[in-house]
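Participant: Requesting a structural model of the entry that follows:
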Amino acid sequence: MTEPTLILAFESSCDETSVAVIKDGVEVLSNIVATQIASHQRFGGVVPEVASRHHIEQITKCTDEALAEAGVSYDQLSAVAVTYGPGLVGSLLVGVTAAKTVAWAHHLPLVPVNHMTGHLYAARFVGEFKYPQLALLVSGGHTELVYMVEEHQYQIIGETRDDAAGEAYDKIGRVMGVNYPAGKTVDEWAAKGNDTFHFPRAMEKEANFDFSFSGLKSAFINTVHNAHQRGETLNKYDLAASFQQSVVDVLAEKTVKALHRYPAEQFILAGGVAANHGLRQRLQHDLSKEFPDMTILQAPLKYCGDNAAMIGAAGTVNYLYGDRAGWDLNAVPGLSFPRMNPVTE
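Facilitator: Have a look, this model is predicted:
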């Protein structure tokens with residue numbers, strides 16, 4: 001009988017300290033997450049120094065809890081996987097240092113994982129992957145379309161040129177008086193409103209697959225500030241619905257356009273903003289209608305945010321492909337997939 005592959009995974013790229021144990025890449029034996037939201041809410045966003053200090057305080061406790069909940073000892077592990085980028089450098093270093101320490105002390109292979117690969121593999125918990133595959137990864141720090149001809153090969157065909165979608169949500173949420181993170185509340189308000197403001201859809205009709213949300217953010221903020229100066233009160237539900245409709249329209253249009261250019265057997269939606277109900281419903285509707293033979297996997301809601309379970313799933317694949325890091329592994333805050341040369345007509 002083949003021994004199971006057991007991965008101890010670390011995730012500390014931003015403001016969530018998480019450690020998980022994953023069996024054979026698909027079974028979550030434990031997934032401990034220590035959130036820092038309360039600490040950052042008073043600042044309206046993540047403060048890097050505060051985040052790294054919290055990681056230092058929580059990482060050992062999370063590791064002990066993950067192993068205990070999984071019922072696994074160090075000598076049963078196959079490898080240690082860790083996010084080494086992209087993210088906040090101080091936060092990343094805490095996870096990388098913890099992972100290197102555990103791997104060295106227990107003579108285990110150290111497996112480096114790209115945080116965005118982790119988001120992608122969160123969808124692996126709901127179904128088998130098929131190739132070629134297109135993924136829309138939407139989070140607070142990234143918005144990108146990633147094309148995979150086969151497993152373990154990732155190429156960006158489109159990405160944001162400024163603000164990520166999740167970042168835009170947080171910035172307009174701050175103007176509306178919504179606590180960080182704002183995405184969930186804005187999504188809930190949007191379901192109660194209508195697109196009455198008709199905010200711009202940046203780059204929606206351009207031939208490339210890139211995104212831009214800074215113009216939308218600015219248009220939203222200017223609308224609210226101008227109304228405030230005139231003493232007007234705007235309907236918060238309509239504001240949220242109008243903002244979200246613009247974001248969803250652009251993401252859906254670009255995704256459909258990309259799938260016509262880069263045919264895929266499967267589409268993946270993942271990342272923190274993948275928890276947005278408006279986006280999930282729109283993509284499910286449009287893609288099912290436009291590409292009826294293509295399978296669609298959406299990351300489970302509980303694994304859309306930053307967590308170590310997704311790092312363990314991606315780390316299992318990296319481990320089986322022989323990816324290894326040395327003791328000199330460092331944080332790479334600007335880590336990215338390679339950019340694919342555009343396909344010409």
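
Participant: Can you pull the phi and psi angles for Tyr147?
Facilitator: phi -110, psi 130 (degrees, to the nearest 10).

Participant: Count the residues that sit near it.
Facilitator: 23 (other CB atoms under 10 Å). All C-beta spots, glycine's among them, are computed from the backbone N, C-alpha and C.

Participant: tell me the mean pLDDT over the helix or strand Ala309 falls within?
Facilitator: For Ala309, the element it lies in under DSSP states H and E is helix 308-320. Across helix 308-320, the average pLDDT comes to 98.

Participant: Which positions within it qualify as buried?
Facilitator: 308-320 (16 or more other CB atoms under 10 Å).

Participant: Format these as CSV; extra columns: distance to Leu108.
Facilitator: CSV is the format used below for the buried residues of helix 308-320 (distance: CB to CB, whole Å):
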residue, distance to Leu108
Ala308, 16
Ala309, 19
Met310, 20
Ile311, 15
Gly312, 14
Ala313, 18
Ala314, 17
Gly315, 12
Thr316, 14
Val317, 17
Asn318, 14
Tyr319, 10
Leu320, 15
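
Participant: roughly how far apart are the nearest residue to Ile268 once chain neighbours are set aside and Ala299?
Facilitator: If the residues on either side of it in the chain are set aside, Ile268 comes closest to Ala135, at 3.8 Å by CB to CB, 6 or more residues apart in numbering. Distance of Ala135 to Ala299, given as CB to CB, to the nearest Å: 10 Å.

Participant: Common neighbours of these two, please.
Facilitator: 123, 268-270 (CB atoms under 8 Å, 6 or more residues apart in numbering).

Participant: In helices only, show me the residues you listed.
Facilitator: Using DSSP state H, no member of the shared contacts of Ala135 and Ala299 falls within helices.

Participant: A strand includes Lys61, no?
Facilitator: No - remark: Lys61 does not belong to a strand; assigned using DSSP: H, G, I helix; E, B strand; the rest coil, it is helix.

Participant: Spell out the secondary structure type for the residue nearest to it when sequence neighbours are not counted.
Facilitator: Using CB to CB, 6+ apart and skipping the chain neighbours, the partner closest in space to Lys61 is Ala34 (7.4 Å). Per three-state DSSP, the secondary structure class of Ala34 is strand.

Participant: what residues are up against Ala34?
Facilitator: Contact analysis of Ala34 by CB under 8 Å, 6+ apart lists 16-18, 54, 58, 61-62.

Participant: Which pLDDT value belongs to it?
Facilitator: pLDDT, read off for Ala34, is 92.

Participant: again, but for Leu136
Facilitator: For Leu136, pLDDT reads 98.

Participant: So what's the residue count around the nearest residue to Met148 once chain neighbours are set aside?
Facilitator: Leaving aside its sequence neighbours, Met148 sits nearest to Gln133 (CB to CB, 6+ apart; 4.6 Å). Per other CB under 10 Å, the neighbour tally for Gln133 reads 25.

Participant: Now Gln133. Its backbone dihedrals?
Facilitator: Dihedral angles of Gln133 (phi, psi; degrees, to the nearest 10) stand at phi -140, psi 140.

Participant: end to end, how far does stretch 137-144 reach?
Facilitator: End-to-end distance for stretch 137-144: 5 Å, by CA to CA, to the nearest Å.

Participant: Revised request: answer the last question for stretch 119-137.
Facilitator: 7 Å.

Participant: Show me what the helix holding Ala309 is packed up against.
Facilitator: With contacts taken as 3 or more CB pairs under 8 Å, 6 or more residues apart in numbering; DSSP states H and E, helix 308-320 sits against strand 6-11, strand 16-23, strand 27-35, strand 79-85, strand 110-114, helix 115-121.

Participant: Sheet partners, orientation included, of the first one?
Facilitator: Strand pairing for strand 6-11, using DSSP bridges, gives strand 16-23 (antiparallel), strand 79-85 (parallel).

Participant: Same check on the shortest one?
Facilitator: Counting by DSSP bridges, the strands paired with strand 110-114 are strand 79-85 (parallel).

Participant: how about the partner strand: buried residues?
Facilitator: Within strand 79-85, judged by 16+ other CB under 10 Å, the buried ones are 79-85.

Participant: Next: stretch 204-218.
Facilitator: Here stretch 204-218 shows 204, 209-213, 215-218 as buried, counting by 16+ other CB under 10 Å.

Participant: So which of these sit within strands?
Facilitator: Among the buried residues of stretch 204-218, none falls in strands (DSSP state E).

Participant: how many other residues sit next to His115?
Facilitator: Quick note: His115 (other CB under 10 Å) scores 26 neighbours.

Participant: This completes my enquiry, with thanks.
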